[in-house]
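A.B. asks: Whatever this is, show me its structure:
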Amino acid sequence: MAQSFWMRIGSRGSPLALAQARSVRLALAQAHGVGEDRMPIAAIRTTGDKIVDRPLAEAGGKGLFTKELDAALLAGEIDCAVHSAKDLPTFLPQGLTIAGYLTREDPRDAFICAKAARFADLPRGASLGSASPRRQALAKRLRPDLNLVLLRGNVETRLRKVESGEVDASLLALAGLKRLGLERHATEILSTQGFLPAVGQGAVAITARAGDEATLAAIAPVLDAPTGAALAAERAFLAALDGSCRTPIAGLATLAGDRLSFRGMVLSLDGSQAWEIAEDGRAEEGQRLGARAGRDLLSRLPADLFVA
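C.D. replies: Purely as a prediction, here's the structure:
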């Protein structure tokens, strides 16, 4: 088995995406007792990587970071693809499936700033750079005085724009900073109570062709069951809302033993309104709990909230 093991891994070409792909490759190499050279990584530039001058919601949303990788999978050019779980669209193309997830990294957001030690201490009217509707809405909910600025690009680019003073501050996923060895740039780590993360934030997802039993079996030993249970709840919540990149949606499931706690939120774009829900149950009920939370919350939302 070890001698014949071979897997082609697809990834976006950003430093963070490649770091995540290498973490999957290392885990697979250790699980199967083979060298990492048996798993070449194909860096594939996605449409989302090419768009840096406008919000992704205006160009099509989350699938912009995945569709070229999806196409390569369906064409048989790669055997699996590695993604930030929060970038995955609510529904995958027919013929593809989420094989599972590596153990989740810290899902919290990090505040990046050279002018204030805490988010709450930002000067009135300070500029906050972000491309995430969720982060923008949460920031405006707490600080309506802030000046929101579109900030696209990879992690290093965004850090550089804060350091140069192009924007006063930004918000980034702590997990991404950790994976790149850049955690020192986090000025403040934000509590999930005030800044509920994006669905899937901090988790690395692996997708494959549905029915490719050999690849799915090869991936299985590196998957983390608790992360899978949490993401089942979070993604079911998102699916029930049929949420897109345009609407600020947050959700986080946490496990304690065999119990799963879920908290979800939908906000208006300007952060002036927010609707929250919480569910608790057994870990194996994650998908059902998340779907129920999504349906219950959807029944309380204004009818026009999801209109593009």
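A.B. asks: Quick one: classify the nearest residue to residue 285 once chain neighbours are set aside as helix, strand or coil.
C.D. replies: Excluding the flanking residues, the one nearest residue 285 by CB to CB, 6 or more residues apart in numbering is residue 260, at 7.0 Å. Every residue, glycine included, has its C-beta placed from N, CA and C. Secondary structure state of residue 260, per DSSP: H, G, I helix; E, B strand; the rest coil, is strand.
A.B. asks: And the lowest mean pLDDT element among the helices and strands of this protein?
C.D. replies: Least confident helix or strand, the chain: helix 47-50 with a mean of 54, by mean pLDDT, DSSP states H and E.
A.B. asks: Which positions within the next helix or strand after that helix qualify as buried?
C.D. replies: Note on helix 47-50: by DSSP states H and E, the next helix or strand toward the C-terminus is helix 67-74. For helix 67-74, the neighbour count (16 or more other CB atoms under 10 Å) marks 67, 68, 69, 70, 72, 73 as buried.
A.B. asks: distance of the fifth one from residue 45?
C.D. replies: Relative to residue 45, residue 72 is positioned 11 Å away (CB to CB, to the nearest Å).
A.B. asks: Also the third one?
C.D. replies: For residue 69, the distance to residue 45 (CB to CB) stands at 10 Å.
A.B. asks: Then the first one?
C.D. replies: Relative to residue 45, residue 67 is positioned 12 Å away (CB to CB).
A.B. asks: The second one now?
C.D. replies: As for residue 68, its distance to residue 45 is 7 Å (criterion: CB to CB).
A.B. asks: quick check: domain ranges of this protein?
C.D. replies: Domain segmentation of the chain under automatic domain parsing yields 1-102+203-223, 109-189, 224-308.
A.B. asks: Specify the stretch among the ones you listed that is closest to residue 197.
C.D. replies: The closest of those to residue 197 is domain 224-308. By CB to CB, the value is 5.3 Å.
A.B. asks: Any idea how far that closest one is from the middle of the chain?
C.D. replies: Its chain's C-alpha centre and that of domain 224-308 lie 14 Å apart, by CA atoms, centre = their mean, to the nearest Å.
A.B. asks: How about stretch 187-199?
C.D. replies: Using CA atoms, centre = their mean, the distance between the centre of stretch 187-199 and that of its chain works out at 13 Å.
A.B. asks: which residues sit against it?
C.D. replies: Stretch 187-199 has contacts (CB atoms under 8 Å, 6 or more residues apart in numbering) with 85-86, 106-114, 116-119, 132, 134-135, 138, 142, 169, 171, 173-174, 234-235, 237-238, 243, 249-252, 263-265.
A.B. asks: in that stretch, what's buried?
C.D. replies: 187, 188, 190, 195, 196, 197, 198, 199.
A.B. asks: what's the closest of the residues you listed to residue 207?
C.D. replies: Checking the buried residues of stretch 187-199 against residue 207 by CB to CB gives residue 199 as the nearest, at 16.0 Å.
A.B. asks: Now do the SS call for the closest one.
C.D. replies: Secondary structure state of residue 199, per three-state DSSP, is coil.
A.B. asks: how far away is it from residue 13?
C.D. replies: Distance of residue 199 to residue 13, computed by CB to CB: 24 Å.
A.B. asks: cool, and residue 23?
C.D. replies: 16 Å.
A.B. asks: what's the answer for residue 44, then?
C.D. replies: Counting by CB to CB, the gap from residue 44 to residue 13 is 7 Å.
A.B. asks: Do a quick rundown of the strands in the chain.
C.D. replies: In the chain, the strands defined using DSSP state E lie at 9-11, 41-43, 80-84, 96-101, 109-113, 127-129, 147-149, 169-173, 188-189, 204-209, 249-256, 259-267, 274-282.
A.B. asks: isn't residue 261 right next to residue 283, touching?
C.D. replies: No. Counting by CB atoms under 8 Å, residue 261 does not reach residue 283; the two are 10.0 Å apart.
A.B. asks: what's the overlap in contacts for these two?
C.D. replies: residue 255.
A.B. asks: Between these two, point out the one with more neighbours.
C.D. replies: More neighbours surround residue 283 than the other of residue 261 and residue 283, with 20 against 16 (other CB atoms under 10 Å).
A.B. asks: what sits against that one?
C.D. replies: 226, 229, 255, 258, 259, 260.
A.B. asks: Recalculate using a threshold of 7 Å.
C.D. replies: Shown in contact with residue 283 (CB atoms under 7 Å, 6 or more residues apart in numbering): 229, 255, 258, 259, 260.
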